[in-house]
Structure formats: C-alpha cells, structure tokens
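Peer 1: Quick one: sequence and predicted model below, then my questions.
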Amino acid sequence: MQSTIQAAAHTTATQPLAEASQPGRLVSLDVFRGLTVMAMILVNNPGDWGRIYAPLEHAHWHGCTPTDLIFPFFLFIVGVSITYALDGARRQPETHGRTMVRILKRSAILFGLGLFSALFPSFDFSTVRIPGVLARIAVVFLICGILFLKTSRRQQLGLLAFILVFYNVLMQLVPVPGYGPANLEASTNLGAWLDRTLLGEAHLWSQSRTWDPEGLLSTLPAVGTGLLGLLAGQWLRRKEVEPATRVAWLFVAGSGCVLLGLIWNGWFPINKSLWTSSFVLYTGGLALAVLAGLYWLTDVQGYRGWIKAPLVYGVNAITVFFLSGLIPRLLNMVKITGANGQPTGLRDWLYSTFFVPYFSPINASLAGAIVCVLIWLVVLWLMYRRNIIIKV
C-alpha cells in the first residue's frame, strides 16, 4: 500500500481534540466522515448475516433504508473534501498537470486497495470482483478532482443536471440488447447487461454474478453525488457570506434536493443498486442537511465536546474501512475446535462463545457489530493520540 504516515501538525495536550484536524479542513467534515464510517463498520460486521434489524439492511430493491445512505454520504464527503484539498492548486493553472498526476495516483491506489481486498485471501484473478466500493470511490475522486480543477461552479451544476437526466433516459428508454424494452429489473436492466458484456459474469458481485451494485453504468450518477459535494464545499468556502447564511442556504438546497428526489421517485424509483437520479437527489439532499447541521454545531458554534469518537474515525477513514474488511477474514483463517468437535474460524468461535449464549439471536448479531465498532474506536484512538494519520 503506497501510503504515508504523518504527524498532525503542532498539537499539544492543552488543545481541544478537534483542533488536530489537518489545516484547511472542516472539523464538521471530519466528524461527518467519521460518523459515516462508523455506520459503515456497524452494518458491514453483524455477528450473523441472517439476523439483522431492518434499518441495518439495504432495501431489497426500490426504496431507501438508513443503511442505503452510507455510501452516497461518503461520496458526497469525497466531493466536499476535494474543494479543500485542491483549492490552492486550482488557483494556479501552471500546477494543474502535476495536480492531475497526483489525483490519478491516488485514484489508482484506491482502486488497487479495492482489488486487493477482493482478491484476499485466495488471489483468484479468474473470479475476482472488479467493481466495488473502493473502486467507485477511486473513479468518483478521479473525475470530480479533474472537474474541480478545470470547470466552474456553473459548469459543474449544469453537468450534474445533464448526468441525472441522461442516466434516466438511458435506463428507461434505451432497449436492452437480448432482453427487449428498457427495464429496471436487477438482472435485465441496461447497466447489468453492460457489466456482463464488458466485465463478464465471473467478475461481478458474487451473490448474483448477473449484476453488480457498484456497476459501470451506475458509476455515472455516482459522480453526480460527488458533484453535489463539490458544489457544497465551494459554497462553504465563500468567506464573504456570513456563516448563518451559508448554513441556511445549505438547508434550503438540501430540502429542495430531497423534494425533487421524492417527486422523481414517481417515475424513476429511488434505488441504491441502480444509483438512480432520484436516489442521487434524495440522498444528496439529506447529506447537505447533515453537513449544514454539523457545520453550524462544530465550526460555527464550537460545540465539540461530543465529537471525539467520530473525529478519530474520520481522520483515518479509508484505513479503518480497508482493514475492517480484511481482519475478519484473517481471523477466520485461524481454526479452533468448536464445541461440536469441528474446526471453526476464530472470528466465528469468538462470536458463538461470547455473544450467542447471552443474547437473543438478533441482539447477539447487533452486539457483535457494536463491539466491532468499539474495538476499532480503541485502535483509532491510540493512533490518533500518537498523531498517526495514514493517508492514501
């Protein structure tokens, strides 16, 4: 992994914890990122995948649960982060070439981490899943980073509108080769056909092999989610506008996006797996509202006593997401003889020994996920106290 470890600059024991955020970054953005990743760890690590409370599951197809908000929130945060990371380079056109090389390098590292995670531990390239969460983050970061450097806010807004309308037209008007009229069914929609044609069934999501929730075509509107973040970040950076006004207009924009998303849902349903245009607006609107609230609380009013846990998650977000996917598999490679005399993975043994006997089945599963979040909180807290921030 090509990553660098750096110390947070000039922090002292007397400083508020929030001040350890890197210069030029919003405290509220790190908190938002941290809350999002904490939720991601919670829903990705139940003790038993067959025993999950409904809000902690994705919608079966159309619709949106709290879990369905996590990934679009993260992509929105990627867009906001770009405006803070690249604003200086944007103002210096002579550096754009070098900046785009850095953007491409970071995108390649993110994509490579996603591929490594999909390959581990078997490293079977013949069936490795190519799309994925980190792959989509890499593509959105690449495209939005270049757009931020080379386009204006008005152009970005126009491109967002074009993407949403164009994607709607593609999905609902273009016939699907071999299947007939356009449709929004899981295995026969245009995006699923494109994934199978270009990637092959062996390289798609293992639970279907006929479609992928992070497929190629649906990455286009996912870029739209990143563009919403770009626009939000640029609005927050307008220092000539009073903070209260910035917050108020973020809430107005968020409410408008949610309303438009609900209206659009009438003919292009809200759907995370398809990343429909209504899904982009609905989830983007909620992200705008959450960011506005956190910005007002932490950056404007200075209410920071509650933010320690999400902040330590937020500054090492990609690290914990990547490692939290690998370590359970590593633990299950260690075999222990269970009560039935059969070998079982260490992770499964720990769950069956310390959770299953003491809770109802569904609460044991939830307790396992919560303990996972707390374990990572301790690890990230220790890293934070030692000023260790792993940057990809």
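Peer 2: Cool, the structure landed. Treat the numbers as computed from the prediction; the structure is a model and nothing was measured.
Peer 1: could you pull out the helices for the stretch 251-392 of the chain?
Peer 2: 277-294, 308-314, 317-333, 346-354, 361-385 (DSSP state H, counting those that start in this stretch).
Peer 1: Out of the ones you listed, which one sits most buried?
Peer 2: Stretch with highest mean neighbour count among the helices of the stretch 251-392 of the chain: helix 277-294 (a mean of 25; mean count of other Cβ atoms under 10 Å). Backbone N, C-alpha and C define where each C-beta goes, glycine included.
Peer 1: counting contacts, what elements does that one pack onto?
Peer 2: helix 27-44, helix 70-85, helix 153-173, helix 219-236, helix 243-264 (3 or more Cβ pairs under 8 Å, 6 or more residues apart in numbering; DSSP states H and E).
Peer 1: can I get the helices of the stretch 251-392 of the chain in a markdown table with mean pLDDT?
Peer 2: A markdown table is the format used below for the helices of the stretch 251-392 of the chain (pLDDT from 0 to 100):
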| stretch | mean pLDDT |
| --- | --- |
| helix 277-294 | 98 |
| helix 308-314 | 95 |
| helix 317-333 | 94 |
| helix 346-354 | 94 |
| helix 361-385 | 97 |
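Peer 1: Centre of the chain to the host helix or strand of residue 116, how far?
Peer 2: Assigned by DSSP states H and E, residue 116 falls within helix 96-119. Put simply, helix 96-119 sits 16 Å off its chain's centre (Cα atoms, centre = their mean, to the nearest Å).
Peer 1: per-residue pLDDT, the most far-flung residue of the chain relative to its centre?
Peer 2: The outermost residue of the chain relative to its centre, with distances by Cα atoms, centre = their mean, is residue 341 at 40.6 Å. What the model reports for residue 341 is a pLDDT of 78.
Peer 1: Can you point out the buried residues in stretch 67-74?
Peer 2: Of all the residues in stretch 67-74, those buried under the rule 16 or more other Cβ atoms under 10 Å are 67, 68, 69, 70, 71, 72, 73, 74.
Peer 1: Spit out the contact partners of the third one.
Peer 2: So the one you mean is residue 69. Applying Cβ atoms under 8 Å, 6 or more residues apart in numbering, we find residue 69 in contact with 283, 286, 287.
Peer 1: Let me know the closest of those residues to residue 312.
Peer 2: Ranked by distance to residue 312 (Cβ to Cβ), the contacts of residue 69 are led by residue 287 at 21.5 Å.
Peer 1: gap between the closest residue to that closest one other than its chain neighbours and residue 221?
Peer 2: Leaving aside its sequence neighbours, residue 287 sits nearest to residue 76 (Cβ to Cβ, 6 or more residues apart in numbering; 4.1 Å). Distance of residue 76 to residue 221, given as Cβ to Cβ, to the nearest Å: 13 Å.
Peer 1: And the two? Which one has more around it.
Peer 2: The residue with more neighbours, out of residue 76 and residue 221, is residue 76; 30 against 26, by other Cβ atoms under 10 Å.
Peer 1: Which residues are in contact with that one?
Peer 2: The contact partners of residue 76, by Cβ under 8 Å, 6+ apart, come to 225, 226, 228, 229, 232, 283, 284, 287, 288, 291.
Peer 1: May I see these organised as TSV, with distance to residue 49 added?
Peer 2: Formatted as TSV, the contacts of residue 76 follow (distance: Cβ to Cβ, whole Å):
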residue	distance to residue 49
225	27
226	30
228	32
229	31
232	34
283	24
284	29
287	27
288	32
291	31
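Peer 1: which one among these gets closest to residue 109?
Peer 2: Lowest distance from residue 109 to those (Cβ to Cβ) belongs to residue 226, with 17.6 Å.
Peer 1: burial count for the closest one?
Peer 2: Quick note: residue 226 (other Cβ under 10 Å) scores 33 neighbours.
Peer 1: same thing with residue 199?
Peer 2: 16.
Peer 1: ok, it to residue 205 distance?
Peer 2: Note on residue 199: its distance to residue 205, by Cβ to Cβ, is 11 Å.
Peer 1: who touches both of these two?
Peer 2: The overlap between the contact sets of residue 199 and residue 205 (Cβ under 8 Å, 6+ apart) consists of 131, 212.
Peer 1: about what we covered before: export the helices and strands packed on helix 277-294 to TSV and tack on mean pLDDT?
Peer 2: Shown next, in TSV, are the helices and strands packed on helix 277-294 (pLDDT from 0 to 100):
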stretch	mean pLDDT
helix 27-44	97
helix 70-85	97
helix 153-173	98
helix 219-236	98
helix 243-264	97
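Peer 1: is it possible to export the ones you listed to CSV including distance to residue 275?
Peer 2: Below are the helices and strands packed on helix 277-294 laid out as CSV (distance: least, Cβ to Cβ, whole Å):
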stretch, distance to residue 275
helix 27-44, 17
helix 70-85, 8
helix 153-173, 8
helix 219-236, 5
helix 243-264, 12
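Peer 1: can you tell me which of those helices comes nearest to residue 121?
Peer 2: Per Cβ to Cβ, nearest to residue 121 of these: helix 27-44, 17.6 Å.
Peer 1: and the closest one, how far out from the chain's middle?
Peer 2: How far helix 27-44 lies from its chain's middle: 9 Å, per Cα atoms, centre = their mean.
Peer 1: now do stretch 378-387
Peer 2: Distance of stretch 378-387 from its chain centroid, counting by Cα atoms, centre = their mean, is 22 Å.
Peer 1: Pull it out as CSV, backbone CA atoms only.
Peer 2: In CSV, the C-alpha atoms belonging to stretch 378-387 read as follows (Å, rounded to 0.1, in the frame of the first residue of the first chain):
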residue,chain,number,x,y,z
VAL,A,378,-9.8,2.0,20.6
VAL,A,379,-7.3,1.2,17.8
LEU,A,380,-8.0,4.5,16.1
TRP,A,381,-7.9,6.4,19.3
LEU,A,382,-4.5,5.1,20.1
MET,A,383,-3.3,6.0,16.6
TYR,A,384,-4.8,9.5,17.0
ARG,A,385,-3.1,10.0,20.4
ARG,A,386,0.2,9.2,18.7
ASN,A,387,-0.6,11.6,15.9
